[in-house]
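Enquirer: coords please:
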Amino acid sequence: MGLRDLAKRLKSDSTELDQQRLVDRFSTFDITHIDQVVARQHTRIGGEVKRIQVAPRLGAAALEVVLSDGTGDAIAVFTGRRQIAGIEHGRALVIEGVARDERGRWVMLNPAYTLLAS
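Expert: Purely as a prediction, here's the structure:
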């Protein structure tokens, strides 16, 4: 790390540093950045689990997992599930499916997922 990089890191706030860390972490995978997702097209995105919650959808429980890759957030919704083994806060995932825009948020219903090594 050079002096310019160190000076830049010292001047940046923690949010910018975290976003850059995530962008760097997922740049080696063959995935689409969340800010470049196109609605209603099959896509593959990756990110770290930022939040997990169980929310009712149409009267049934659904596990909502919020992923962040540094460029934006996407939500994977697993209907009829309250938990999935291995999916926890901070875990890296790659999800694959058709994304739709739901009130300004990218949502994938029941996507295929791959757990990545920490």
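
Enquirer: Could you use CA atoms for every contact and neighbour count after this?
Expert: OK.

Enquirer: can you point me to the longest strand in the chain?
Expert: Using DSSP state E, we find that the single longest strand of the chain is strand 42-57.

Enquirer: for that one, packing partners?
Expert: Counting contacts by 3 or more CA pairs under 8 Å, 6 or more residues apart in numbering; DSSP states H and E, strand 42-57 packs against helix 14-26, strand 60-68, strand 92-102.

Enquirer: Out of the ones you listed, which is closest to Gln83?
Expert: Taking CA to CA as the criterion, strand 60-68 is the member of the helices and strands packed on strand 42-57 that comes nearest to Gln83, at 6.5 Å.

Enquirer: Okay, now the sheet partners of that closest one, with direction.
Expert: strand 42-57 (antiparallel), strand 73-79 (antiparallel) (DSSP bridges).

Enquirer: which residues sit against it?
Expert: Strand 60-68 is contacted from outside by 22, 34, 46-56, 73-83, 93, using CA atoms under 8 Å, 6 or more residues apart in numbering.

Enquirer: can you give me the angle that strand makes with helix 14-26?
Expert: If you take axes from the mean of the first three to the mean of the last three CA atoms, to 10 degrees, strand 60-68 sits at 100 degrees to helix 14-26.

Enquirer: how about strand 60-68: buried residues?
Expert: Ala62, Leu63, Glu64, Val65, Val66, Leu67, Ser68 (16 or more other CA atoms under 10 Å).
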